[in-house]
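Quick check, what structure comes out for this input:
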Amino acid sequence: MPPPWTVRVHNPIWWNDAVQLVKTALAAVIAWVIAERILGLPQPFLAPWAALLVVHATVYRTFSRGLKQVAATVIAVLLAAGIGELMGLSTWSVATLLVVGLVVGTVPWFGAEATTIAATGLIVLTTGFQNDSLLVSRLLDTGIGIAVGLLINLLVWPPLRRRSAVVGLDRIDDGIGVLLQDMSEGLRVDCTPDDVAEWIDRSRDLDGYVDHAWALVRQAQESARWNPRRSAAQVRDPKQWRGLLERMEQAVAEIRSMARTLGGQHAHREIWGASFAEPWIEMLGEAGRATSDADSAAIAAVRTRLEAFTEDLRSTERSSEWPINGALIINLRNIIDAMGEVAAANPIGQPPLPLQPGSA
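Numbers count the residues shown, from 1 in each chain. Have a look, this model is predicted:
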């Protein structure tokens, strides 16, 4: 088993988080240096604070959140100055500021900046609102932090979340392949209701992976907006990823349908007969192995074998279990068709990780 640090080094999600952490810290430090060392502002703490808040997972979100933060900060400074002039610094003025700030923050446009007006206004009110130059300094501090955060996120390795999306996609087809193999192994012996319940639960887990992958694809698509990297054009409209996710969604649904059918047929070998059970279970396992290996040729071979098997069944006398047999055949066929397309697309192209051979 490889040591944990090597696993992390090869994990693209970890790399995305690590790079973003370094960029966020860098933006905050640069904002502080500009505000405190270069411009000599009297209380420059708002500059790194604004930079910390504005560096986000995508360039587009950094710009959109930066605009909202600028608006929230201006409103907060004006609100603190107005309430301070009318009521001075007291418990009632603090309470009034917080209530008004939170109410204004509920405007849907502010989104995640809902509490920024109240928080910034509280800082301005309690640290000095009577000096006009100090209020201007507050706005300048915040502007410096936002500008630095925007530039750092735009110019220093602009985030493009395609690696994370690819990892999310790969996780699903691997899980589907393993589950199909486990179902095949379980059906070779004594399949119990607990086994069927476990398979259904694992299919629900795969649904969760699919939902997470959809979120990663949407984030990757957003990360390509306003992103100056040339490779961003490939991610702005990820039709291939959406198509693969739709096929994997179908495969997971077919697996759950298959498991529920099997749940009503506990003594499958006695009821189905060896002529159906043995070849069908074997093809189920082969489909799982081919899916795990992303071997489109092997999946196509299982599909051909399943068609021949179906033709043989049509030429024989139909048993009373033919509806069950037909349902299981259709489920397996649909899974094979869906995962064949997924296997044909593997490996999904992505750039190498940083500090690795061929990295860009």
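
how deep is S315 tucked in, by neighbour count?
S315 has 6 neighbours, counted by other CB atoms under 10 Å. In this view, the C-beta of every residue, glycine as well, is placed from N, C-alpha and C.

what's the answer for R37, then?
By other CB under 10 Å, the residues close to R37 number 10.

list the buried ones in the host helix or strand of V178?
According to DSSP states H and E, V178 maps onto helix 162-188. Neighbour-count burial for helix 162-188 flags 162-173, 175-177, 179-184, 186-187 (criterion: 16 or more other CB atoms under 10 Å).

Tell me the helix or strand right after the helix or strand encompassing V77.
With secondary structure defined by DSSP H and E, V77 is part of helix 59-87. Following helix 59-87 in sequence order, the next helix or strand is helix 91-105 (DSSP H and E).

counting contacts, what elements does that next one pack onto?
Secondary-structure packing of helix 91-105 (3 or more CB pairs under 8 Å, 6 or more residues apart in numbering; DSSP states H and E): helix 59-87, helix 116-127.

Give me the contacts around that helix.
Helix 91-105 is contacted from outside by 72, 75-76, 79-80, 83-84, 86-87, 110, 113-119, 121-122, 125-126, using CB atoms under 8 Å, 6 or more residues apart in numbering.

now swap in stretch 62-72 and tell me
Against stretch 62-72 from outside (CB under 8 Å, 6+ apart): 50, 53-56, 105, 109-113, 116-117, 120, 142-143, 146, 149-150, 153-154, 226.

what about 6 Å?
Stretch 62-72 is contacted by residues 54, 56, 110, 113, 116-117, 146, 150, 153 when judged by CB atoms under 6 Å, 6 or more residues apart in numbering.

tell me the most buried of the helices and strands packed on helix 91-105?
helix 116-127 (a mean of 21; mean count of other CB atoms under 10 Å).

quick one, that one and helix 91-105 angle?
In terms of direction (axes from the mean of the first three to the mean of the last three CA atoms, to 10 degrees), helix 116-127 departs from helix 91-105 by 160 degrees.

Compute the inter-axis angle for helix 116-127 and helix 59-87.
Using the same axes, to 10 degrees, helix 116-127 lies at 40 degrees relative to helix 59-87.

and the angle from the helix or strand following helix 116-127 to helix 59-87?
Counting by DSSP H and E, the next helix or strand C-terminal to helix 116-127 is helix 132-155. For helix 132-155 against helix 59-87, the angle by the same axes, to 10 degrees is 170 degrees.

so how far is helix 132-155 from its chain's centroid?
Computed by CA atoms, centre = their mean, to the nearest Å, the separation of helix 132-155 from the middle of its chain amounts to 30 Å.

Repeat that for stretch 63-74.
Per CA atoms, centre = their mean, the centroid offset for stretch 63-74 relative to its chain is 25 Å.

For the nearest residue to D207 once chain neighbours are set aside, give its distance to L122.
Nearest non-adjacent residue to D207, counting by CB to CB, 6 or more residues apart in numbering: V252, 5.9 Å away. Distance of V252 to L122, computed by CB to CB, to the nearest Å: 49 Å.

circling back to that earlier point, of the helices and strands packed on helix 91-105, which approaches D205 most closely?
Closest of these to D205 is helix 59-87, at 29.1 Å (criterion: CB to CB).

Domain map for this structure?
Using automatic domain parsing, the domains assigned to the chain come out as 4-155, 162-345.

before we move on, the earlier item: what's the most distant pair in the contacts of stretch 62-72?
Greatest spatial distance in those: I117 and N153, 23.2 Å, computed using CB to CB.

Flag the shaky bits of the stretch 51-200 of the chain, pLDDT-wise.
For the stretch 51-200 of the chain, the stretches with pLDDT under 70 are 57, 128-135, 157, 159.

returning to what we had before: hang on, the residue nearest to D207 packs against R204?
No: contact criterion CB atoms under 6 Å: V252 and R204 do not qualify, at 8.8 Å.

okay, the two: which has more neighbours?
V252 (24 against 10).

helices and strands around the host helix or strand of the more buried one, which ones?
Element membership of V252, judged by DSSP H and E, is helix 239-263. Here helix 239-263 touches helix 193-223, helix 322-345, going by 3 or more CB pairs under 6 Å, 6 or more residues apart in numbering; DSSP states H and E.

Could you give the average pLDDT over that helix?
Average pLDDT, helix 239-263: 91.
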